[in-house]
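K.L.:
quick one, structure for this:
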Amino acid sequence: MKFGRDFYRLQIPRWADAYLDYDGLKHLAKQKSVRNGQLEAFRDSLHRETADINDFLRRQHALINLWVEAVLSRFIISHASTFEVLDFAGVAQPELQDLVDCLIEILDFAAQLDVFSKINRDAIERLLGKLGCVEVLSWVTGSESPLYARPWTETSSRVQDLLQQVHRALELQADATELRSLFSPAMPSECLSRSVYHSISNDDSAALMCVMASTVSELATQAMLYSVLQVAIVYRSPRCIQSLLGEITSPLEEVLCGHRDPLHQFIAQLACRGRPEPHFQPAAVLEDMFRDLSPYQHHMLLTKDWRGRYPLHYAAEYGLSEVCLQILKFIEPSVILECDIAGETPLALAVCSGHAKVVQAFLELDLEENARAKSMISEQVAGAFLCVAIQSRSTDVAKCLIKFGKGLNWQGGKQGQTPLYIASRTGQVEVVEMLLLRSPDLNLNLPHASKKWTPLIVASVHGHVELVRLLLSAGANVNSQDWRGWSAIDHASYRAHMAIVAMVQHALCKDDGVSSETPKLSVQVCSAQQTAVHRPTSFAPHEALPDAESDLTSIFVNLGTFETHHNEKIADIIPSVANQRQHHNSIQSSMLLEVSGSDCREPPYCLQLPYLGDISDITWRFSTSDPDNMRLTFKLFQFLGEREVCKRLVGSGIALLSAIKGWFRTERQSLRRDSTVALMNSDGDFAGTLSFTFLVAGAYKPAMLPTHAQKMCPPPSTQIVAHRGLGLNEKKSKRLQIGEHTFQSLASALDQGADYIEVSHLTWLNWTMANIFANVQVTRDHVPVIYHDWFVSEAGLDVPIHAMTYRQWMALSEAQSGSHEEVPRGRLPWDERTRPSVRHRRDSRSLCARQDHPTKAMIDRMKHTFEYTNYNMKGNTRGDFIHDAFVTLRQLFEKFPENVSFDIELKYPMFWETDYWGMEPYCNEMNSYLDVILDVVYSLSHNTNRSIFFSCFNPEVCILLSTKQKTYPVVFLNDSMVSGAAGDTRATSLQQAVRFAKKWDLQGIIMAAETFVAAPKLIGHVKGLGLFCGSYGALNDVPGFAKVVFLIRPSYEARDGMSEADQVAQKQQAEGIDMIVVNNIRLISMALGSSSAA
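P.N.:
Model prediction:
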């Protein structure tokens, strides 16, 4: 799931062990006992986890309070509850800027705490949501819980107020001649002269030392030197700093001075907070200074500041490798593992900050100590640091630690993750290569503690193709299974990582000693007896019919877009409006979005941004009786806490849904659903944009209500559904084909599927119970017709069905019907010019069409259309196939008896499909398109027992069908990116299809067969979720697929004479698949029948 990926991706690596054990709790939540309501074990584990998180947050809250106290003390700022700009009026700019930098560091740290707490809160709410017990949040949301109370927000709000006043003081800064210092109250009067400041600002050390000459006592002089040194550090005057250090001879412990960390501040000032200046290299200045330290200053290197840090901590954190080496000349090497009050060591700070040179220097120091049998870094410490470096994506640091050679197989933390596992999860091929080269005995198959995922499985889950290839070549076990028995091939198939599926299948064949050139396939024979064709639906009580409030129109709103090729941000707020500096690894956790609709019964919806996980999980429904005047109002707040008074409006915008529809007339609409609304702040200035998607579901009331609702009913054995009637017409076929999607084709398919014999005429008595798969589109004048392709190429143009009237469409069929009157070549049937008066014998419906028949003219025109250009044929053309007339949905109902079941596939294009097919991005208005189809279905199935269900590839059509009616089941069709990249996030994989179906109360899924053939146990997974399961595609019935598409793992021998297509069908049947959509009906019928008889 996307939330699981974001949960780890957004973690602050150095705090990784402090986060909620999401995987462990999720695994526990899926246990059968917990699902049955026995929540004690889950509740106890959740209590322990939240208690640990709260303890961590209390420590961090105490740290941030100490931090604020230290900054206020250093700058001699009163601890008032409020601050005024006058408190900083006339203060020198360098001091104000240094104060700003210090305050921003605190706010960055507070932002990290916000991110940390938000991720953990979202994880808890998501876990409780999976159990259906969100209302029991009281388990963990007590008033004493920092996770939910967020006590640091009060401190950060105070810091923010102080920062705003300092910024205003910078803008209103007085003339340079009237400047004052914040340090004045703590400095002797001798330090207050303008000459001192002038010398320091010009970095004139000689002039400064002349001014500093005094007759005061030695200790007073030393205290004055420390105070002036603080000013020189703020002004970043290296020559003055070096001169002052040279005069200091007394230890800080003997001096009454408030500034007790000059070297710490100097490193932070020059390395971190320093602003770029020409001809100034902070690192070089620091190296020279530390190189020239006299023995009188060495005590400063062992002085701890308020954070319990030595100067080495800061030098390591800011990546000053040469400075670190200079410091280590005067202190013990063990200081690299000395913890500050937050538990951070210099080595840890260097690793977390990604400073490879510093890490390398420390590791070399440890190797020198190891030569003297004094190694400081253990396997556990090295392994933990390596995991942090990999999770931080610090490749250079990871290289240093891997070369160091310790902790490569270390497995620690709550999840029991190894360095190889983390690198495999994050897709770092270079790191995995280094691990494999450095450690020949690297354990490739150590599993995750709770999920039991191996590095190969987690790489397959996340779709890291190159990494999977590398692990397979290194000998990773392809048969390793996780806690629920899934292997790498199952996870890759479930998520539609088809390149990984192919690689793993190839490795499986090699392991079993079977050539990938000609794999032998086998199946587990289904023990159930093949029975007559089963009804796909059953009849439910009358109460399952449409809602009583069906007179209201529903507006479904999602944030962002479902288009995979669009990368717009959900909320793109300009920085000056947000007025918030974010940490490099943080997210904007202080935004609250409020969405409301005009004249709607629903209250405003609120959502804290950004939302972790799949944004499609959040769909807002607005019900209105006046959709034409519907307005959506978006308000974005800067959210500072749980209280209403802690919101500040960032921007607001209004979307007029009727205007978004564009210039299309009532019965037409654009296929693009995503829109962008501009946000304006309270001053009327542009504040940013917000993207959203909306879908209108109009009310539908049938003229006649059926007596029963239907639901999908799993059959006792696999059912065959004929694709396009008797199958897809193919130019290369060696058998006589009936034109696809015609009455003759559908009738012949039923005959073959029911009796396992091929007949060419209608035998009504044989259709005891049968299924028809029909593709339905709607003409411009609202007639539902049976037609598969997007373009009606018979017109000689790339014209879609919705652009033609019913009569125009039928005229194309009649042009090939072999009429009594011959039409001159090149003439279309609606050409009203003089026709020949000679009557000819009507041609038979066969391949012996006359050369001067209008079909010839039609085919000449078709050669330049999209379909003909790409496939060199067109189904149901006279001269290539046995032609029959086009058929409407109404005619299907009228010609077939009610014991024939209908799978009505609704053909409605998606926006992303228009690029490939070259279609204009508009179509019938979706509600009117569905309403005319439902009118036919309801009127002709009234008081009948015909079994009917709808299916569609378009997720929006499925949503509308599920919303507008509850009589007939809806099944989601999904390609799972087998034919290419899908353009809708809801149709990218079986995983997404399952989530979509469950969310919108769809009753089944029909997938491309490749997914189920590669991982048959996924069929059981789908059925275990209560969903009807089917497959379609060329892999169901085209021999030779193994050499072209996939390699199917052999497990036992196939019977002699069984084709690969037979084995594919039987393989899915053995796993209990409910339905297979095929073209070669007779072949597959015989295959399934023979497997049952065996």
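
K.L.:
just the element for L593, please.
P.N.:
strand 591-597 (DSSP states H and E).

K.L.:
parallel or antiparallel, list what pairs with that strand.
P.N.:
strand 605-609 (antiparallel), strand 631-639 (antiparallel) (DSSP bridges).

K.L.:
just the ones you listed: most buried one?
P.N.:
Greatest average neighbour count among those goes to strand 631-639 (a mean of 20), per mean count of other Cβ atoms under 10 Å. Where C-beta positions appear, they are placed from N, C-alpha and C, glycine not excepted.

K.L.:
other residues contacting it?
P.N.:
When contacts are defined by Cβ atoms under 8 Å, 6 or more residues apart in numbering, strand 631-639 is touched by residues 555, 557, 571, 573, 578-580, 590-598, 608-609, 622, 646-657, 677, 679, 687-688, 690, 692, 694.

K.L.:
rewinding a little: want to throw the strands paired with strand 591-597 into a markdown table with distance to H313?
P.N.:
Below are the strands paired with strand 591-597 laid out as a markdown table (distance: least, Cβ to Cβ, whole Å):
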| stretch | distance to H313 |
| --- | --- |
| strand 605-609 | 35 |
| strand 631-639 | 34 |
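
K.L.:
turn those strands into JSON lines, columns for distance to A811 and mean pLDDT.
P.N.:
Converted to JSON lines, these look like this (distance: least, Cβ to Cβ, whole Å; pLDDT from 0 to 100):
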{"stretch": "strand 605-609", "distance to A811": "51", "mean pLDDT": "87"}
{"stretch": "strand 631-639", "distance to A811": "44", "mean pLDDT": "88"}
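
K.L.:
leaving out the residues flanking it, which one is nearest to G407?
P.N.:
Leaving out its chain neighbours, the residue that sits closest to G407 by Cβ to Cβ, 6 or more residues apart in numbering is G383, at 2.7 Å.

K.L.:
how near is the one you found to I1019?
P.N.:
41 Å (Cβ to Cβ, to the nearest Å).

K.L.:
among the helices and strands of the chain, which has the poorest mean pLDDT?
P.N.:
helix 1041-1044 (a mean of 28; mean pLDDT, DSSP states H and E).

K.L.:
is it true that V381 touches G407?
P.N.:
Yes: counting by Cβ atoms under 8 Å, V381 does reach G407; the two are 7.4 Å apart.

K.L.:
longest strand anywhere in this protein?
P.N.:
Using DSSP state E to define each element, the chain has its longest strand at strand 686-697.

K.L.:
find out how far that strand is from the centre of the chain, if you would.
P.N.:
19 Å (Cα atoms, centre = their mean, to the nearest Å).

K.L.:
so where is the stretch 651-800 of the chain shaky, pLDDT-wise?
P.N.:
661-665, 723-771 (pLDDT under 70).

K.L.:
show me the strands in it, by range?
P.N.:
Applying DSSP state E, counting those that start in this stretch to the stretch 651-800 of the chain gives strands spanning 668-670, 674-680, 686-697, 709-712, 719-722, 770-778, 784-786.

K.L.:
when V381 and G407 are compared, which one has more neighbours?
P.N.:
More neighbours surround G407 than the other of V381 and G407, with 23 against 18 (other Cβ atoms under 10 Å).

K.L.:
state the pLDDT value of the more buried one.
P.N.:
In this model, G407 is scored at 91, pLDDT.

K.L.:
same check on A350?
P.N.:
pLDDT at A350 comes out at 95.

K.L.:
which helix or which strand is home to it?
P.N.:
helix 346-353.

K.L.:
could you say what helices and strands that helix packs with?
P.N.:
Counting contacts by 3 or more Cβ pairs under 8 Å, 6 or more residues apart in numbering; DSSP states H and E, helix 346-353 is packed against helix 311-317, helix 356-371, helix 379-391, helix 395-404.

K.L.:
for the shortest one, what is the distance to the chain centroid?
P.N.:
A distance of 38 Å separates the C-alpha centroid of helix 311-317 from that of its chain, computed with Cα atoms, centre = their mean.

K.L.:
so which residues make contact with the next helix or strand after it?
P.N.:
Sequence order places helix 321-328 as the next helix or strand after helix 311-317, per DSSP H and E. The contact list for helix 321-328 (Cβ under 8 Å, 6+ apart) reads 267, 283, 286-287, 290-291, 301, 311-312, 315-316, 335-336, 346, 355, 357-358, 360-362, 365.

K.L.:
helix or strand for the nearest residue to G613 once chain neighbours are set aside, which one?
P.N.:
The shortest distance from G613 to any non-neighbouring residue, by Cβ to Cβ, 6+ apart, is to F3 (3.3 Å). Per DSSP H and E, F3 falls inside helix 2-9.

K.L.:
let me know the angle separating that helix from helix 379-391.
P.N.:
Counting by axes from the mean of the first three to the mean of the last three Cα atoms, to 10 degrees, helix 2-9 lies at 120 degrees to helix 379-391.
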